[in-house]
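Engineer: just the structure for this:
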Amino acid sequence: MITRGTPSAGAAAAAVEYQSPDRLATALFAALGLAVISQAALAWTFGHMPVATRDAWWAASLLAVVLALPTAVIAGTVWAGRDRAVDWRLGAAVILAGMLMRLPYFGAGPLLEDDHFRYLLDGATVAQGASPYAFSPELVLQGLGALPPDVVAAGHQAITAINFPTLRSIYPGGAQVLFALAHLIAPWSLDGLRAVIFVAEALTAVLIWRLLLSSGHSPLATALYWCNPLPAFCLTGQAHIDAALAAPILLALVAVRQRAGLVAGLAIGFAAGVKLWPMLLAPLIARALWPDRRALALFALALGVTTLLLCGPLVWSSLSANAGLTAYAGGWSINNAAFAWASYLFLQVFGPGTGEIILRALVVAAAAAASLAVALRRPDGLQGLIGRAALLGAILFYLSPAQFPWYAVWFLPLAAASGAWPLSAAAIGLPIYYLFFPLAVAGLRDVHGYGLAALHVVPVILLALLARRPTPQGASA
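Structural biologist: Purely as a prediction, here's the structure:
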């Protein structure tokens, strides 16, 4: 029934409360739609773009904007609805949007990066029962590797496209298992890799959703990862194996809260078998398991055996010449302005070679110190444990001399699962990385390395400051 006259204050408040969720839902649906459209556009544009065109200013600028803008919109709308209950429509929209953001990449060509070519060779090698650390791509093409001639012939185009062909593989055993699985799905196919990585991303999203529900938080924060344009483009789109990190780490942290030390050790060991750094989570997990000596012993045993099996062959091969891991640890540096300036300073003080060794040793020491620091106090519940892991992943990322955008998956899923909102803003600034390519073509790579690269941390700082502002009720956001 419609009544005339001036509504009471209570009625007006009730009307606002009734209408607000509808407006918020509309904004969320619109943000998800924008994210889906942006990914379809990138898959079509960059998946069919000539290689020579991709380093053009207009292409790099377009990519940076189309990644950063929808990411900012998603972050803003999810932040506004962080306390909102998720009904079936919004839940279905989040699930569907994340899928639709990734599906257009299947069938698309390579997107800027070329790491997947080495994945394809490693997968074919492991599928043949051979070691991916025995021969470099250059030697494989010369017929000196363990691959049969017909397999080399089938993958000749991929092998010839591998960057740094004189170096042997850099990837540990866990990653190699996934490469081999992709080869069994579709030999020498980028879409085979994408299929494996898509499943890894989907499993991560399911775990985030369940963790948020179990902790009494809105599962809408799952969109900070699953509907985030940067991971969709870099992981399923570009087929980076870092996508396989988050799920085993989350499984390990859940196992810790259930005192399942054996499961935690296996999961962290597998994560270290994808990228070595999850080993630095061991002190945090040991602190959380203390004083359960049985759980600690099982964790240490499982972690030690799994790591030895998956990482031992890589470390052993790195003791000989042309090892990819040694070259990466000693020379890679990109998208980290602070490290670039520090490297220049150490060069002036200690000279070439020596200065770089000292600086990288200090970075390793800082990473180890961070690993111990986050483990000093016992974590408060599962959310606190995941938050500490997210913080360590972020510290390691910002310490890393190479800050590729896909490395942000070290902490973005953990940030979404723990409510570490400022860390989620990293995805807004990281597309600045793609401006490196036209600058490098123009001979201005130092403009990016010493200047522009510093800007990608600005959104994180701004959101951290915003989150510390008191709300009207006096609580901290």
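Engineer: so what's residue 240 closest to, chain neighbours aside?
Structural biologist: Leaving aside its chain neighbours, residue 240 sits nearest to residue 406 (4.2 Å; criterion: Cβ to Cβ, 6 or more residues apart in numbering). Backbone N, C-alpha and C define where each C-beta goes, glycine included.
Engineer: can you verify my assumption that that neighbour contacts residue 238?
Structural biologist: Yes - judged on Cβ atoms under 8 Å, residue 406 makes contact with residue 238 at a distance of 6.9 Å.
Engineer: before we move on, back to that, contact partners for the residue nearest to residue 240?
Structural biologist: 231, 234-235, 238, 240, 242 (Cβ atoms under 8 Å, 6 or more residues apart in numbering).
Engineer: now render these as TSV, adding pLDDT.
Structural biologist: Below are these laid out as TSV (pLDDT from 0 to 100):
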residue	pLDDT
231	95
234	95
235	96
238	94
240	96
242	96
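Engineer: may I ask which of the residues you listed has the most neighbours?
Structural biologist: Neighbour counts for these peak at residue 231, which has 30 neighbours (criterion: other Cβ atoms under 10 Å).
Engineer: dump the contacts of residue 406 into TSV; add secondary structure and distance to residue 296 as well.
Structural biologist: Converted to TSV, the contacts of residue 406 look like this (DSSP: H, G, I helix; E, B strand; the rest coil; distance: Cβ to Cβ, whole Å):
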residue	secondary structure	distance to residue 296
231	helix	33
234	helix	36
235	helix	33
238	coil	39
240	coil	33
242	helix	29
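Engineer: which residues of the stretch 101-250 of the chain fall in helices?
Structural biologist: 115-127, 137-141, 149-154, 156-160, 173-185, 190-214, 223-226, 229-231, 246-257 (DSSP state H, counting those that start in this stretch).
Engineer: residue 264: which of the ones you listed is closest?
Structural biologist: helix 246-257 (4.2 Å; Cβ to Cβ).
Engineer: contact partners of the closest one?
Structural biologist: For helix 246-257, using Cβ under 8 Å, 6+ apart, the contacting residues are 200, 203-204, 207-208, 211, 225, 261, 263-265, 267-268, 270-271, 274, 278, 281, 285, 288-289, 381-382, 385-386, 389, 409, 413-414, 417.
Engineer: show me what contacts the nearest residue to residue 430 once chain neighbours are set aside?
Structural biologist: Distances taken as Cβ to Cβ, 6+ apart place residue 405 nearest to residue 430, at 4.2 Å, with adjacent residues excluded. Contacts for residue 405 (Cβ under 8 Å, 6+ apart) come out as 230, 234, 335, 427, 430-431, 433.
Engineer: right, and out of the residues you listed, which lies closest to residue 52?
Structural biologist: residue 433 (20.1 Å).
Engineer: what is the neighbour count of the closest one?
Structural biologist: With other Cβ under 10 Å as criterion, residue 433 counts 24.
Engineer: right, and it touches residue 402 too?
Structural biologist: No - Residue 433 lies out of contact with residue 402 (Cβ under 8 Å); the separation is 10.5 Å.
Engineer: anything in contact with each of the two?
Structural biologist: 334-335.
Engineer: residue 300 contacts residue 268, correct?
Structural biologist: No - using Cβ under 8 Å, residue 300 is not in contact with residue 268; the gap is 10.8 Å.
Engineer: the more surrounded of those two?
Structural biologist: residue 268 (29 against 16).
Engineer: which residue packs closest to residue 335, ignoring adjacent ones?
Structural biologist: In space, residue 335 is closest to residue 403, 4.2 Å off (Cβ to Cβ, 6+ apart).
Engineer: now do the one you found against residue 303, distance only.
Structural biologist: 27 Å (Cβ to Cβ, to the nearest Å).
Engineer: of these two, which one has the most company?
Structural biologist: Neighbour count, other Cβ under 10 Å: between residue 403 and residue 303, residue 303 has more, with 27 against 23.
Engineer: domain-wise, how is the chain divided?
Structural biologist: 23-114+191-315+328-467, 115-189 (automatic domain parsing).
Engineer: just the terminal-to-terminal distance for the last one.
Structural biologist: Distance between the boundary residues of domain 115-189 (Cα to Cα, to the nearest Å) amounts to 13 Å.
Engineer: over to stretch 318-325?
Structural biologist: Note: stretch 318-325 ends 6 Å apart using Cα to Cα.
Engineer: what average pLDDT does it get?
Structural biologist: Averaging pLDDT along stretch 318-325 gives 82.
Engineer: just the CA trace of stretch 214-225, in PDB.
Structural biologist: Extracted in PDB, the C-alpha atoms of stretch 214-225 (Å, rounded to 0.1, in the frame of the first residue of the first chain):
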ATOM      1  CA  SER A 214      34.300 -21.500   7.500                       C
ATOM      2  CA  SER A 215      35.700 -18.400   9.100                       C
ATOM      3  CA  GLY A 216      32.500 -16.500   9.000                       C
ATOM      4  CA  HIS A 217      33.500 -14.100   6.300                       C
ATOM      5  CA  SER A 218      31.800 -13.200   3.100                       C
ATOM      6  CA  PRO A 219      32.900 -15.600   0.300                       C
ATOM      7  CA  LEU A 220      32.700 -12.600  -2.100                       C
ATOM      8  CA  ALA A 221      36.400 -12.000  -1.400                       C
ATOM      9  CA  THR A 222      37.000 -15.000  -3.600                       C
ATOM     10  CA  ALA A 223      36.500 -12.600  -6.600                       C
ATOM     11  CA  LEU A 224      39.700 -10.800  -5.600                       C
ATOM     12  CA  TYR A 225      41.600 -13.800  -7.000                       C
END
